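[1] have a look at this prediction, sequence included:
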Amino acid sequence: MRSQAVWAAILAPATVSATLNDLAVRAGLKYFGTCLSESYINSDSQYAALINDKTEFGGLVPENGMKWDATEPSQGQFSFSQGDITANTAKKNGQVLRCHTLVWYSQLPGWVTSGSWTRSTLQSVMQTHITNVMGHYKGQCYAWDVVNEAIADDGTWRTSVFYNTFSTDYIPLAFNIAKTADPNAKLYYNDYNLEYNGAKTDTAVQLVQLVQSAGAPIDGVGFQGHLIVGSTPGRSSLATALKRFTALGLEVAYTELDIRHSSLPPSTSALATQGNDFANVVGSCLDVAGCIGVTVWGVTDKYSWIPQTFPGAGDALLYDDNYNKKPAWTSVSSVLAAKATSPPASSSTTLTTVITTAPTSTPTSTTAPTTTSSSNGAQQTHWGQCGGIGWTGATQCQSPYTCQKLNDWYYQCL
Ligand code: 9MR
């Protein structure tokens, strides 16, 4: 049992940084990352500054640059110029690189979708594609999304040129080829709507078992996390879904997190709900031992795939159009900070547990103490920090929240 003095040294406020990746790493994750849009990195300096800030985004994944249509637009002709943008940025900054994606029904060039294939000819095409693309990035990718979105929303197998040719046999085949191409990359299955723990999640569990029983390697499952404000499952339900895969010996990660408003502009209360939803998603990752990181699918609401796919919906990210941090940014940073500044309790599975295991005999307080200067009457939003050693910001919470002590260094509006 460590003494309180030892905890004080370990948790010294000077080392608490208010940037997302720094907090995530202190909270035990490998990274907090984002996708990099190849379209904006060279034309928007504010965008580039955030992408290059490893303390904020410690992981990168190319939004489009490593997909089949970008890397092998014509059969046997490979191009890595788009994918290299993200790979080189991550290398320069020391960020964790996720690589996305090898076998997917979408963003396939016409020569793949409209070819007439036998198992043997399509296997050769997959072999050539995976071997060349993974070979080019060999040693650089922490993880590869080997197979993406193989399951339809109702839990049946998604039809595609791959499924139509092989049934499900293309899935273990892809993982086997990938293992040979880059033995050190973590090999992931990646999909959306696994968060709801319904029929699609059931089939994803079957997919993992199918790969494992074929004797093929699989290391992780990516929960994309394309969610909707107000319909996002709660923290413990999300953790339950993640644990179905860690129980199979895999790691999990949120790989494309965004939580969209169904109508725009969002009201103040919708922004607060979005913050709660983000907090639940990130919190669920913190609650599951095998959840290794969170990647958001974009930096700013200015640039997102959502309005094109879901007209009228959007504003799903942590920074607004003008690069202001949204309430969701505050909630994410607060959930990370609560874990980062708490002692590694044996089972800090919920915020409540964190509170009850704080390393101090002082009872949970509802008034913020120990600030070095007072704030000018400003009030924190739900999840915001409201006190702690060294804290100089607001110490009052917006109604109905109260400022509660998580530990000597961190008080939060709950
Ligand atoms: O964000 C990507 C967008 O720019 C592309 O036009 C789109 C094409 O399908 O793909 C988007 O990213 C997808 C990701 O690669 C896989 N999961 C769903 C993402 C959102 O559609």
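    Done, it's in. Numbering: from 1, shown residues only.
[2] contacts, neighbours, all on C-alpha from now
    Fine.
[3] for the ligand, what are the nearby residues on the stretch 1-150 of the chain?
    63, 106-107 (Cα under 6 Å from any ligand atom).
[4] ok, and the most crowded of those residues?
    Glu63 (23 neighbours; other Cα atoms under 10 Å).
[5] who's in contact with that residue?
    Going by Cα atoms under 8 Å, 6 or more residues apart in numbering, Glu63 touches 35-38, 100, 297.
[6] apply 6 Å and report the result again.
    The contact partners of Glu63, by Cα atoms under 6 Å, 6 or more residues apart in numbering, come to 35-37.
[7] out of the residues you listed, list just those in strands.
    35-36 (DSSP state E).
[8] closest one to Val205 out of the contacts of Glu63, please.
    Cys35 (25.8 Å; Cα to Cα).
[9] wait, that closest one sits on Gly59?
    No. Cys35 lies out of contact with Gly59 (Cα atoms under 6 Å); the separation is 8.2 Å.
[10] those two: who's more crowded?
    Gly59 (28 against 25).
[11] how near is that one to the ligand?
    16 Å (Cα to the nearest ligand atom, to the nearest Å).
[12] who touches that residue in this structure?
    Counted by Cα under 6 Å, 6+ apart, Gly59 has contacts 31-33, 95-97.
[13] cool, and Thr255?
    Thr255 neighbours (Cα under 6 Å, 6+ apart): 222-224, 295.
[14] hmm, 8 Å instead?
    Thr255 neighbours (Cα under 8 Å, 6+ apart): 190, 222-225, 293-297.
[15] out of these, which is most surrounded?
    Val294 (31 neighbours).
[16] so that one, which of the three states?
    strand (DSSP: H, G, I helix; E, B strand; the rest coil).
[17] give the contact list for it.
    Contacts of Val294 by Cα under 8 Å, 6+ apart are 31-33, 253-257, 282, 285.
[18] and of those, the nearest to the ligand?
    Closest approach to the ligand among the contacts of Val294 (Cα to the nearest ligand atom): Glu256, at 7.0 Å.
[19] residue of this protein closest to the ligand, please.
    For the chain, Cα to the nearest ligand atom, closest residue to the ligand: Trp305, 4.8 Å.
[20] reformat the residues of the stretch 1-150 of the chain next to the ligand as JSON lines; add secondary structure.
    Converted to JSON lines, these look like this (three-state DSSP):
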{"residue": "Glu63", "secondary structure": "coil"}
{"residue": "Ser106", "secondary structure": "coil"}
{"residue": "Gln107", "secondary structure": "coil"}
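[21] just put the contacts of Gly59 in TSV and tack on secondary structure.
    As requested, the contacts of Gly59 are exported to TSV (three-state DSSP):
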residue	secondary structure
Tyr31	strand
Phe32	strand
Gly33	strand
Gln95	coil
Val96	strand
Leu97	strand
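[22] biggest separation within the residues you listed, which pair?
    Among these, Phe32 and Leu97 lie farthest apart (Cα to Cα), at 11.2 Å.
[23] so the two - more neighbours on which side?
    Set side by side, Phe32 and Leu97 show more neighbours around Phe32, with 29 against 25, by other Cα under 10 Å.
[24] who touches both of Cys35 and Gly59?
    Thr295.
[25] low-confidence ranges in the stretch 151-300 of the chain?
    For the stretch 151-300 of the chain, no stretch has pLDDT under 70.
[26] residues in it within reach of the ligand, list them.
    Counting by Cα under 6 Å from any ligand atom, the stretch 151-300 of the chain has no residue next to the ligand.
[27] where do the strands sit along the stretch 151-300 of the chain?
    Assigned by DSSP state E, counting those that start in this stretch, the strands in the stretch 151-300 of the chain fall at 186-191, 220-223, 226-228, 251-260, 291-296.
[28] same deal with the stretch 1-150 of the chain?
    31-36, 59-62, 96-104, 143-148.
[29] follow-up on the earlier one: closest to Lys339 among the residues of the stretch 1-150 of the chain next to the ligand?
    Nearest to Lys339 among those, with distances taken as Cα to Cα, is Glu63, at 29.2 Å.
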